[in-house]
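> Sequence and predicted structure, then a few things I'm wondering about:
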Amino acid sequence: MQYQYIVGTSQYNIMEITINEHTKLLEIRNAFRKNFTHLDLAFFIPKNDHQLGYKKSDQLELDTTYSEATDEHKIGTLIFDGNKTVEAFEHALFEQFGLSAQVLRKSGNAWLQTTTSDNATLQQLNLNAIESANTTIEKEELPDIHEQE
């Protein structure tokens, strides 16, 4: 698999990922994570309505090759950047390559499926995850209240 960055106008570069029958899902995921460090990408057995999310039991192993993951077997290049919505990115993977993928966002120690934020751009979602990771909620002690004499 080949991937490259093309200078873009957004904070994130435009990325091209060339996919062929020997490309491992891990390679696609790693290329995605180079630009979106607080997002992840999981691949699943295809189903008709991914709006409801996927079950963990339907998740494909990352060492699966593209030809093992789908019957499509198309060779080509996926082009995306941070201005593409989550929904558009997931749809492009499915339409161009027959791959059912779900963008994941880190929340604490867990990775959450982004079914409710599909209209957000990849850039927005990544920035939200970065802000969330940098925000620590500390319990503040209640101030002592004393009557004045």
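Nice, thanks for sending it over.
> Strands of this protein, start to end?
2-6, 14-19, 39-44, 76-80, 100-107, 110-113 (DSSP state E).
> Next, format those strands as CSV and append mean pLDDT, distance to Ala120 and mean neighbour count.
The way it works is simple: take the backbone N, C-alpha and C, and place the C-beta from them, glycine included. Output for these, formatted as CSV (pLDDT from 0 to 100; distance: least, Cβ to Cβ, whole Å; neighbours: other Cβ atoms under 10 Å):
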stretch, mean pLDDT, distance to Ala120, mean neighbour count
strand 2-6, 44, 22, 13
strand 14-19, 86, 18, 18
strand 39-44, 94, 11, 21
strand 76-80, 89, 14, 15
strand 100-107, 88, 9, 21
strand 110-113, 80, 13, 14
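> Pipe those strands into JSON lines and attach distance to Asp63 per row.
Below are the strands of the chain laid out as JSON lines (distance: least, Cβ to Cβ, whole Å):
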{"stretch": "strand 2-6", "distance to Asp63": "18"}
{"stretch": "strand 14-19", "distance to Asp63": "16"}
{"stretch": "strand 39-44", "distance to Asp63": "11"}
{"stretch": "strand 76-80", "distance to Asp63": "20"}
{"stretch": "strand 100-107", "distance to Asp63": "16"}
{"stretch": "strand 110-113", "distance to Asp63": "18"}
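> Out of those strands, which gets nearest to Arg29?
Closest to Arg29 of these, according to Cβ to Cβ: strand 39-44, at 4.6 Å.
> coming back round to it: of the strands of the chain, give the one that comes closest to Val86.
The nearest among the strands of the chain, by Cβ to Cβ, is strand 100-107 at 4.9 Å.
> Neighbouring strands of the closest one in the sheet, and parallel or not?
strand 39-44 (antiparallel), strand 110-113 (antiparallel) (DSSP bridges).
> Ok, which of those strands comes nearest Thr64?
Per Cβ to Cβ, nearest to Thr64 of the strands paired with strand 100-107: strand 39-44, 7.3 Å.
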